[in-house]
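Q: Any chance you can model this:
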Amino acid sequence: EVQLVESGGGLVQPGGSLRLSCAASGFTFSSYAMSWVRQAPGKGLEWVSSISSLGGSTNYANFVKGRFTISRVNAKNTVYLQMNRLQPEGTAVYSCNAFRGGDTYWGQGTQVTVSS
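A: Sure, this is the predicted structure:
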């Protein structure tokens, strides 16, 4: 059974940091590129960042460049999103996504709330 389980969300003050994790199982993790996406209340899905299957290439949405870092440890079947200098507009459910060709898997998401 394929599973993507996110963790690390929570409540953080503006300017604070969080590190999200996404643990994968049930598929060959190292063969899949991974992404983080988010959905704010009342809004659609928004792509945040992606990393290639072996971690050699990363991409970021303009609104997170310089503040967020995506990484992965294939030996642990885990992808991370380090989020620094969070702002209230970063409040959303953050989900990870695995993709390779026509295959795609989704996690359930973890809530991040940025508020004082």
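
Q: Could you give the bridge partners of residue 96?
A: Assessed by DSSP bridges, residue 96 has beta-bridge partners residue 36.

Q: Test my guess that it contacts residue 79.
A: Yes - if you go by Cβ atoms under 8 Å, residue 96 and residue 79 touch, sitting 5.9 Å apart. In this view, the C-beta of every residue, glycine as well, is placed from N, C-alpha and C.

Q: quick one: which of those two has more around it?
A: residue 79 (31 against 28; other Cβ atoms under 10 Å).

Q: For residue 89, see how far away that one is.
A: Distance, residue 79 to residue 89, using Cβ to Cβ, to the nearest Å: 23 Å.

Q: returning to what we had before: identify the contacts common to residue 96 and residue 79.
A: Residues touching both residue 96 and residue 79 (Cβ atoms under 8 Å, 6 or more residues apart in numbering) are 22, 24, 34, 36.

Q: For the residues you listed, give me JSON lines that also has neighbour count.
A: Shown next, in JSON lines, are the shared contacts of residue 96 and residue 79 (neighbours: other Cβ atoms under 10 Å):
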{"residue": "22", "neighbour count": "26"}
{"residue": "24", "neighbour count": "24"}
{"residue": "34", "neighbour count": "27"}
{"residue": "36", "neighbour count": "27"}
